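K.L.:
Please work out how this folds:
(one chain, ligands or ions: 2)
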Amino acid sequence: MSDLILGIETSCDETAAAVVGGGREVLSSMVHSQIAEHAVYGGVVPEIAGRSHLRELTGIADRALAEAGVGLADLEAVAVTTRPGLIGSLLVGVSTAKGLAFGAGLPLVGVHHIEAHIHAATMECERAPYPCIALVVSGGHTALYRTESPLEHTLLASTLDDAAGEAFDKVAWLLGLAYPGGPAVSDLAREGRADAIAFPRYRARDGGAGFSFSGLKTAVLYHLRGQDALAPTPPPEEIPDRADVAASFEQAVVDSLVGETLSAARREGLETILVAGGVACNRRLREQMTRLGQEDGRTVIFPSPAYCTDNAVMIAGLGFELLRAGRTCGWDLDASPR
Ligand code: KG4
Ligand code: ZN
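P.N.:
Ligands and ions are numbered 1, 2, ... in the order given. From the prediction side, this is the model:
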């Protein structure tokens with residue numbers, strides 16, 4: 001029997017398809033980014049995203065199969081992201097996956113996007129890293145989980161307001177940087193001093209776990225407007241300490257992420273830390289989580305950058321685990337934004 005899974009991902013602004021064998025061997029991975037279509041608006045426009053997925057997905061899926069040198073008849077199943085994400089975008093993926101699976105007589109597997117991000121961090125590991133702490137930091141999510149296996153996650157803490165990636169995107173906009181903001185802020189931060197401005201770090205009042213980035217974002221706004229909320233945000237060329245703002249903001253986000261993750265690892269008595277999602281590409285986060293984690297006696301695992309941002313390899317990979325656990329879906333499979 002074949003163990004090949006076609007994975008499909010359309011939850012946000014990447015149209016992706018991949019063929020993975022045995023849950024680990026990547027035969028092909030196609031990602032079509034819509035960044036250029038959304039950049040002029042400074043963020044993802046759901047209507048444009050849905051239409052773009054509709055235009056691109058069948059071509060991307062065909063190319064993933066062709067690159068892997070297989071046809072639909074060679075597959076064991078089709079796996080697709082069903083939640084969470086933009087509902088119009090998810091529906092394009094789910095409907096396409098249903099059509100392909102039904103037409104080829106294959107089982108259909110629905111995959112949770114966040115669980116797939118966590119799974120991506122394990123796919124390059126030589127041995128299973130469980131149990132572990134998983135930090136998911138993306139454009140839409142910032143959360144800590146206790147992870148026992150690819151299919152067992154307990155939520156320990158999440159953000160009270162913005163996701164870390166969202167904070168990067170908003171601060172980038174304030175600094176006059178292009179969308180998506182994370183990489184742009186991070187590049188500018190290289191030229192600045194991380195200790196130049198004392199931006200606030202959120203701590204949960206009862207000493208518990210949690211993240212919050214809206215206060216930090218507001219602190220950046222006040223700093224740029226000279227403490228006058230009604231003043232306009234100055235144009236980029238009139239911000240004298242632009243690189244220092246980027247570096248100090250980035251350091252504040254990294255301090256929160258690293259501090260909360262290490263506390264959770266100590267509290268749960270777990271030696272291994274996985275970091276997943278688009279913000280896991282961040283250079284300062286990778287360096288500091290790895291160094292401080294090691295100093296604390298922990299192993300820190302980051303996926304390679306291509307597996308941090310949205311991709312379909314993680315969908316096919318986790319789809320394989322779900323299939324082996326007998327968790328296939330009926331033709332009434334639906335998408336959900338949450
Ligand atoms: O996981 P992802 O590709 O999509 C979601 O599921 O949200 O994450 C995208 C997010 C964006 O907010 C982007 O600005 C952020 O990840 N990001 C970064 C970096 N690269 C991407 N944030 C900080 N530093 C980076 N190098
Ligand atoms: Zn994602």
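
K.L.:
For stretch 290-308, C-alpha coordinates in CSV please.
P.N.:
Coordinates of each C-alpha in stretch 290-308 appear next as CSV, following Å, rounded to 0.1, in the frame of the first residue of the first chain:
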residue,chain,number,x,y,z
THR,A,290,18.3,28.6,21.9
ARG,A,291,21.0,30.2,24.1
LEU,A,292,18.8,30.8,27.2
GLY,A,293,17.1,27.4,26.8
GLN,A,294,20.5,25.7,26.7
GLU,A,295,21.6,27.6,29.8
ASP,A,296,18.5,26.3,31.5
GLY,A,297,19.4,22.7,30.5
ARG,A,298,16.8,22.4,27.7
THR,A,299,16.8,21.4,24.1
VAL,A,300,15.3,24.0,21.8
ILE,A,301,14.0,22.9,18.4
PHE,A,302,13.2,25.4,15.6
PRO,A,303,12.1,24.1,12.1
SER,A,304,14.0,25.4,9.1
PRO,A,305,12.4,28.8,7.9
ALA,A,306,10.4,27.2,5.1
TYR,A,307,8.6,25.0,7.7
CYS,A,308,8.0,27.9,10.0
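
K.L.:
what about that stretch, near ligand 1?
P.N.:
No - among the residues of stretch 290-308, none lie within reach of ligand 1 under C-beta under 6 Å from any ligand atom; the closest is 6.7 Å away. Where you see a C-beta, it was placed from the backbone N, CA and C, and this is true even at glycine.

K.L.:
Going by neighbour count, list what's buried in that stretch.
P.N.:
With burial defined by 16 or more other C-beta atoms under 10 Å, the residues of stretch 290-308 counted as buried are T290, L292, G293, R298, V300, I301, F302, P303, Y307, C308.

K.L.:
Next step: those restricted to strands.
P.N.:
With strands taken from DSSP state E, the overlap with these comprises V300, I301.

K.L.:
just curious, which of the buried residues of stretch 290-308 is nearest to L188?
P.N.:
Closest approach to L188 among the buried residues of stretch 290-308 (C-beta to C-beta): C308, at 19.9 Å.

K.L.:
what's the closest of the buried residues of stretch 290-308 to Y222?
P.N.:
Here the nearest of the buried residues of stretch 290-308 to Y222, counting by C-beta to C-beta, is L292; it sits at 29.1 Å.

K.L.:
Look up the closest residue to that closest one, ignoring the ones flanking it.
P.N.:
Closest residue in space to L292, ignoring its immediate chain neighbours: V258 at 5.6 Å, by C-beta to C-beta, 6 or more residues apart in numbering.

K.L.:
and the stretch 51-200 of the chain, which residues reach ligand 2?
P.N.:
Taking C-beta under 5 Å from the ion as the test, the list of the stretch 51-200 of the chain residues beside ligand 2 reads S138.
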